[in-house]
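J.: I would like to see how this sequence folds:
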Amino acid sequence: MQGKDMFGRARTGTGKTLAFGIPILDKIIEFNKKHGKGRNPLAMVMAPTRELARQVQKEFHDSAPSLDTICLYGGVPISSQMRELEYGVDVVVGTPGRIIDLMKRGSLNLSEIKHVVLDEADQMLGVGFVDDIETILARLPKNRHSMCFSATMPSWIKQLVRKYLKDPVTIDLVGDSDKKLADGITLYSIASDMYAKASILGPLITEHAKGGKCIVFTETKRDADRLAYAMAKNHKCEALHGDISQSVRERTLSGFREGHFDQVIHYALPRCSETFVHRSGRTGRAGKKGTAILIYTQDDSRQIKLIERDTGCRFSELPKIAVDGASLDMYNDLGRGRSNSSGGFGNRGYGSGQGSRNFGFGRSNGQFSGSSRDGYNRNKPGNFGRSGSFGESGRSDLLSTFGAFGSGRSSGKKNSSFIDPFEDSD
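T.: This next block holds a predicted model:
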């Protein structure tokens, strides 16, 4: 942090946010002492998803409460963000899509930016932010300090570093090791027939999460809604994805921001190895232990080998789980006429009329009546899992088909569940 541009390569969950954040905040504090506080931001951090952006903004605010920080992302009224920018901020954290919108409206002036950070840059490619990022970087002052952090090094990242960073210092915490995941993550794989995949989630969570918090990543919003609906009978769970209103997302995420994820389950094979690395990296963070389980069908066997090759890791195969007929019937019934146009299970009070906007597991069984918020980086009320959360007083988190099962201690339900599709945008 001697003013040189930097590219940092680190495994997900190694605590890099404060590593780059604290020096930037110190420099801004010193600058404000000499020149006074201005209206335009001095630093900007771009993140691929709104949940990650909020996490970074929270860590910045907690580390330097005297500075004005703002988090910019879609899904909330842009007018309130425009008003806050009008008052003046020191640090902007946000997703590229909303940053571009505010730039076009003339509300976000980047002419005084001295520090810019791309966090989890490789994930920007997966959510379609490449053009937005290049547009934003091209509008920044030439004389700035730039940093880019990524767990992997796809070709787009190499091009970005060459084009926008000046003689960057490289800090590589991965090195020549082929292993892309933190040492604390144990990987398991389990074969399943396609029709039985949903039915084995419960046993996997019970056995491996052991009452802790779990995220289940799906590939579609519909799968997230269907699984959350079915799992709610035995686990505290909720779906999280882009079609769910921001207020519900934030309540869902609040419990998950408190504490550690014990388990990640990949309900479907990720589209690429980089996605597998980032999703699995939601557990085993900051030196803690965690497990990641990949459910696959026989047709996916070759892809398992490719993931092992790309990540430098090896899966331990779990024995196949026998599924009884009653469990199969319960999950198979989900596809028969219960969802409305946006997959919200309107006929049973799970989002009637507006589908995902009202999706909340609450009208017919009294769940989710408490006050909690974003599990991945939010306020404290209703800690997910600790007070029987995820229903009674808490909800859950993190980035897209992404379901989590945290420790719920009420209603006799041992685990809590959260399901969300990992396809976030602005």
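
J.: Find the nearest non-adjacent residue to D101, please.
T.: Leaving out its chain neighbours, the residue that sits closest to D101 by Cβ to Cβ, 6 or more residues apart in numbering is I78, at 6.4 Å. (Each C-beta comes from the backbone N, C-alpha and C, glycine too.)

J.: I'd like the distance between the one you found and T49.
T.: The gap separating I78 from T49 is 18 Å, by Cβ to Cβ, to the nearest Å.

J.: The two: which is more packed in?
T.: Using other Cβ atoms under 10 Å as the criterion, I78 and T49 rank with T49 on top: 25 against 14.

J.: hey, which helix or strand in the chain has the poorest pLDDT?
T.: strand 402-404 (a mean of 41; mean pLDDT, DSSP states H and E).

J.: I'd assumed I100 was in contact with the residue nearest to D101.
T.: No. Using Cβ atoms under 8 Å, I78 is not in contact with I100; the gap is 11.6 Å.

J.: Dump stretch 6-21 to CSV, restricted to CA.
T.: Extracted C-alpha coordinates of stretch 6-21, given in CSV (Å, rounded to 0.1, in the frame of the first residue of the first chain):
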residue,chain,number,x,y,z
MET,A,6,-1.4,-4.2,-7.1
PHE,A,7,-2.9,-7.5,-8.2
GLY,A,8,-3.7,-9.9,-5.4
ARG,A,9,-4.4,-13.5,-5.9
ALA,A,10,-5.8,-15.2,-2.8
ARG,A,11,-8.2,-18.0,-2.0
THR,A,12,-11.7,-17.0,-1.2
GLY,A,13,-12.2,-16.4,2.6
THR,A,14,-8.7,-15.3,3.5
GLY,A,15,-9.6,-12.0,4.9
LYS,A,16,-8.4,-9.7,2.1
THR,A,17,-11.1,-7.1,2.6
LEU,A,18,-9.5,-5.6,5.7
ALA,A,19,-6.0,-6.1,4.3
PHE,A,20,-6.8,-3.6,1.5
GLY,A,21,-9.4,-1.7,3.3
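
J.: Run a quick neighbour tally on the closest residue to E112 other than its chain neighbours.
T.: Spatial nearest neighbour of E112, chain neighbours left out: N40 (4.4 Å); criterion: Cβ to Cβ, 6+ apart. Under the neighbour criterion other Cβ under 10 Å, N40 is assigned a count of 15.

J.: Which of the three states applies to N40?
T.: Under DSSP: H, G, I helix; E, B strand; the rest coil, the three-state class of N40 is coil.

J.: And the strands in the stretch 1-150 of the chain?
T.: Assigned strands in the stretch 1-150 of the chain, in chain order: 6-9, 43-46, 69-72, 91-94, 115-118, 145-150 (criterion: DSSP state E, counting those that start in this stretch).

J.: Read off the pLDDT value for the closest residue to M194 other than its chain neighbours.
T.: If the residues on either side of it in the chain are set aside, M194 comes closest to T297, at 5.4 Å by Cβ to Cβ, 6+ apart. Turning to T297, the model gives it a pLDDT of 91.

J.: Next up, the contacts around T297.
T.: 191-194, 197 (Cβ atoms under 8 Å, 6 or more residues apart in numbering).

J.: circling back to that earlier point, give me every residue that touches the residue nearest to E112.
T.: 88, 109-112.

J.: Kindly reformat these as a markdown table containing distance to V130, neighbour count and pLDDT.
T.: Supplementary listing: the contacts of N40 in a markdown table, determined by distance: Cβ to Cβ, whole Å; neighbours: other Cβ atoms under 10 Å; pLDDT from 0 to 100:
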| residue | distance to V130 | neighbour count | pLDDT |
| --- | --- | --- | --- |
| G88 | 31 | 13 | 95 |
| N109 | 24 | 15 | 96 |
| L110 | 19 | 19 | 96 |
| S111 | 24 | 9 | 96 |
| E112 | 26 | 14 | 96 |
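
J.: re earlier: format the contacts of T297 as JSON lines; extra columns: pLDDT and distance to R105.
T.: Converted to JSON lines, those look like this (pLDDT from 0 to 100; distance: Cβ to Cβ, whole Å):
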{"residue": "A191", "pLDDT": "92", "distance to R105": "51"}
{"residue": "S192", "pLDDT": "92", "distance to R105": "48"}
{"residue": "D193", "pLDDT": "89", "distance to R105": "51"}
{"residue": "M194", "pLDDT": "88", "distance to R105": "46"}
{"residue": "K197", "pLDDT": "89", "distance to R105": "45"}
